[in-house]
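1. All I have is the shape, not the residue letters:
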Ligand SMILES: Cc1cc2nc3c(=O)[nH]c(=O)nc-3n(C[C@H](O)[C@H](O)[C@H](O)COP(=O)(O)OP(=O)(O)OC[C@H]3O[C@@H](n4cnc5c(N)ncnc54)[C@H](O)[C@@H]3O)c2cc1C
Ligand code: SF4
């Protein structure tokens, strides 16, 4: 966690700046065209099909209907971030194994304009989480009057009524945070999942015929340092080199593109992930046992324990529901609209611009049992799911695409371009 001499920056601003640099070099950047499926010929990926736009709630074309477009390419680089839908589809289709299933955390984050400058970085572990959940918080200065803070919680928590948004709101009442926030204004809110499985969850190969997988979609995140950006950037650089070499030899075959896997395996990406390979996994047995084991791993440079800690997918973790729930149960307190906010306030501050009349992009099975409805309602940071009279109500336009739903419940699918949150300074 020691990062002296580094910068704290807004990823949105960096990405916008990078986009301008790319366009200045002649690269076409088309925003607002979500890729909905892969185009394949035999075993080869030959491009993507974009999502349709301008459909009504029942899927009928409106006057502004735009049909899906097929974008074909010699090589398709999948950089969809966490829980990438196309990356998952390709790995399943090609039966690419990983030693462990991928596991995830959900991070909820706010940007605040403050009256009191923050002169340090704050990281915490544990509270306000129950002991059988893994997670912690961060508070970073972005400018003298601007801070970013958030709470990140592993989705393998046991309490089916745990509500990460509500715990985050409660966390801000602690003097460690509220002394910086008092008198300030929350200007942006967001939520996103993070692949946390580390070394053992990275797919055995991230390349195939006509395709490469980069960044979070490949699981390149080091949880002990909460870092994934420089791995995403480096995997992009290595992918670009492999693609360039493959195109020069006029063959973007699996054999040529396997150079990308070799380069990633030899890079600091896999070396860093190997060093902390069991660190996050140790916390599956609770906070104190995990803390002890993680300490031993740090002391032994990752050599303890000598074997992989086996994990199960987050969706397979048994949850306490109903009366057996726990810490998340009596949350939230009523949001005061000044220091603490409701989920609806959060969605508003995410800049979500989804039309109310789009077809739903969340695939929910029929007859969701009441306990599952309660679980989804607590899990979703954006208030998309509500339990009403024992049944599940789905407010799909509220979705901020954090993907927690795809990991723990109903399937998430891409929706028309321009939908979703409009983060500016996240
Ligand atoms: C709360 C939180 C705090 C974090 N803090 C840090 C930190 O301090 N330092 C650090 O290094 N890392 C941090 N990370 C992790 C870091 O954000 C990620 O590792 C990094 O952004 C991964 O980059 P990426 O390009 O792979 O994915 P992303 O940055 O997620 O970019 C993927 C993009 O693809 C888009 N996309 C997804 N699906 C489709 C589709 N079907 N069609 C078209 N576009 C699509 C997404 O909308 C997104 O814009 C944090 C993450 C979270 C959630
Ligand atoms: S519906 Fe799912 S993906 Fe959308 S905000 Fe809620 S949990 Fe996240």
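-> Now that the structure is in, tell me what you want to look at. Since the structure is predicted, the reported quantities are computational estimates derived from the model, not experimental observations. Ligands and ions are numbered 1, 2, ... in the order given.
2. And the strands in the stretch 201-350 of the chain, which stretches?
-> 207-208, 211-213 (DSSP state E, counting those that start in this stretch).
3. For the stretch 251-400 of the chain, which residues score under the pLDDT cut-off?
-> Flagging of the stretch 251-400 of the chain using pLDDT under 70 yields the residue ranges 322-333.
4. Tell me which residue in it sits closest to ligand 1.
-> Residue of the stretch 251-400 of the chain nearest ligand 1, by Cβ to the nearest ligand atom: residue 400 (10.6 Å). (Glycine included, C-beta is placed from N, CA and C.)
5. residue contacts, residue 190?
-> Residues near residue 190 by Cβ atoms under 8 Å, 6 or more residues apart in numbering: 108, 109, 110, 350, 400, 421, 423, 426.
6. now, which of the residues you listed sits nearest ligand 1?
-> After measuring the contacts of residue 190 against ligand 1 - Cβ to the nearest ligand atom - the closest member comes out as residue 109, at 4.6 Å.
7. do you know how far that closest one is from residue 338?
-> 18 Å (Cβ to Cβ, to the nearest Å).
8. and if you look at residue 203?
-> Residue 203 is 45 Å from residue 338, by Cβ to Cβ.
9. Could you do residue 41 as well?
-> 57 Å.
10. same check, this time on residue 354
-> Remark: distance between residue 354 and residue 338 (Cβ to Cβ) = 27 Å.
11. For these two, indicate the residue with more neighbours.
-> residue 354 (20 against 12; other Cβ atoms under 10 Å).
12. Can you classify the more buried one by secondary structure?
-> Of the three states, residue 354 takes coil according to DSSP: H, G, I helix; E, B strand; the rest coil.
13. give me every residue that touches it.
-> 396, 397, 398, 399, 415, 419, 420.
14. can you rerun that using 10 Å?
-> 347, 361, 396-401, 415-416, 418-421 (Cβ atoms under 10 Å, 6 or more residues apart in numbering).
15. what's around the nearest residue to residue 36 once chain neighbours are set aside, how many residues?
-> Closest residue in space to residue 36, ignoring its immediate chain neighbours: residue 51 at 4.1 Å, by Cβ to Cβ, 6 or more residues apart in numbering. For residue 51, the neighbour count with other Cβ under 10 Å is 21.
16. Might one say that residue 51 is in contact with residue 416?
-> Yes. Counting by Cβ atoms under 10 Å, residue 416 is a contact partner of residue 51 at 5.8 Å.
17. Residues that sit against both of those two, list them.
-> 33, 34, 36, 66, 361.
18. near ligand 1, from the residues you listed?
-> residue 34 (Cβ under 6 Å from any ligand atom).
19. Let me have the shared contacts of residue 51 and residue 416 in CSV, extended by distance to ligand 2 and neighbour count.
-> Below are the shared contacts of residue 51 and residue 416 laid out as CSV (distance: Cβ to the nearest ligand atom, whole Å; neighbours: other Cβ atoms under 10 Å):
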residue, distance to ligand 2, neighbour count
33, 20, 18
34, 14, 21
36, 16, 18
66, 23, 16
361, 9, 22
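20. would CSV of the shared contacts of residue 51 and residue 416 with secondary structure and distance to residue 150 be doable?
-> Shown next, in CSV, are those (DSSP: H, G, I helix; E, B strand; the rest coil; distance: Cβ to Cβ, whole Å):
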residue, secondary structure, distance to residue 150
33, coil, 29
34, coil, 25
36, strand, 30
66, strand, 35
361, coil, 25
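21. correct me, but residue 37 touches residue 68?
-> Yes. Using Cβ under 10 Å, residue 37 is in contact with residue 68, at 8.5 Å.
22. which residues do those two both contact?
-> What both residue 37 and residue 68 touch, as defined by Cβ under 10 Å, 6+ apart, is the set 48, 49, 50, 51.
23. My impression was that the second one belongs to a strand - is that right?
-> Yes. Note on residue 49: a strand contains this position according to three-state DSSP.
24. Assess the claim that it and residue 35 are in contact.
-> Yes. Counting by Cβ under 10 Å, residue 49 does reach residue 35; the two are 7.1 Å apart.
25. Quick check: residues of the protein near ligand 2?
-> Close to ligand 2, as judged by Cβ under 6 Å from any ligand atom, the chain has residues 362, 380, 382, 384, 399, 400, 401, 402, 403, 404, 405, 412.
26. Looking at these, which are in helices?
-> 404, 405 (DSSP state H).
27. between the residues of the chain next to ligand 2, which is closest to residue 121?
-> residue 402 (23.9 Å; Cβ to Cβ).
28. hang on, the earlier thing: could you check how far the residue nearest to residue 36 is from ligand 1?
-> 8 Å (Cβ to the nearest ligand atom, to the nearest Å).
29. pLDDT score for that residue?
-> Predicted confidence (pLDDT) for residue 51: 96.
30. if we can go back for a sec, and the strands of the stretch 201-350 of the chain: which comes nearest residue 124?
-> So among these, strand 211-213 is nearest, using Cβ to Cβ, at 32.7 Å.
31. who does the closest one touch, helix- and strand-wise?
-> Strand 211-213 sits against strand 44-50, strand 76-78, helix 85-93, helix 229-248, helix 254-266, with contacts defined as 3 or more Cβ pairs under 10 Å, 6 or more residues apart in numbering; DSSP states H and E.
32. Just name the most buried of those.
-> Sort those by mean neighbour count, taking mean count of other Cβ atoms under 10 Å, and strand 76-78 sits at the top with a mean of 23.
33. wait, does it contact ligand 1?
-> No. Residues of strand 76-78 contacting ligand 1 under Cβ under 6 Å from any ligand atom: none, with a closest distance of 8.6 Å.
34. The residue of the stretch 151-300 of the chain found nearest ligand 2: helix or strand, and which one exactly?
-> Going by Cβ to the nearest ligand atom, ligand 2 is nearest to residue 191 of the stretch 151-300 of the chain, at 6.2 Å. According to DSSP states H and E, residue 191 maps onto strand 185-195.
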